[in-house]
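[1] I would like to see how this sequence folds:
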Amino acid sequence: MYPDDSDGDPRAVPGVCPEPGDAAGSVTLDVDGERFALRPNAFGGTDYTWLSGPNPGYGFGVSPTPDPSLDEHLEHIRGFLAQIDPATGYLGDD
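    This is a model prediction of the structure:
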């Protein structure tokens, strides 16, 4: 089971995988005065949570992109913010 054919650590105990909303594996990024938590999602993409926005837990996701650069993250976030209706804090109706 283990690469070195050992039985592993006998003191090891199983853990619980964090829920997707947990901060485990997330990175915080400030963009144009707004704060976002970025974390990989189960589909190989990125989930962005708008931490400083008016609606708790609101954000968006991006389809799988291998190793997005900082500039790509900034572009995704700025594109999202450009679509926000200032009156509601949600994506506007187009």
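
[2] who touches the strand or helix carrying His73?
    According to DSSP states H and E, His73 maps onto helix 70-82. Residues outside helix 70-82 that contact it (CB atoms under 8 Å, 6 or more residues apart in numbering) are 29, 31-32, 34, 36, 38, 46, 48, 50, 59-60, 62, 65, 68, 91. C-beta here means a position set from N, CA and C on the backbone, and glycine is covered the same way.

[3] from those residues, which ones fall inside strands?
    When these are checked against strands (DSSP state E), the matches are Leu29, Val31, Glu34, Phe36, Leu38, Thr46, Tyr48, Trp50, Gly59, Phe60, Val62.

[4] can you give me the neighbour number for the fourth one?
    Neighbouring residues of Phe36 were enumerated by other CB atoms under 10 Å; the total is 24.

[5] in contact with it, which residues are there?
    Thr28, Leu29, Asp30, Tyr48, Thr49, Trp50, Leu51, Ser52, Gly59, Ile77.

[6] still on that earlier bit, between the contacts of helix 70-82, which has the least confident prediction?
    Taking the contacts of helix 70-82 together, the minimum pLDDT is found at Thr65 (80).

[7] how near is that one to Pro40?
    10 Å (CB to CB, to the nearest Å).

[8] I'm done for today, thanks for sticking with me.
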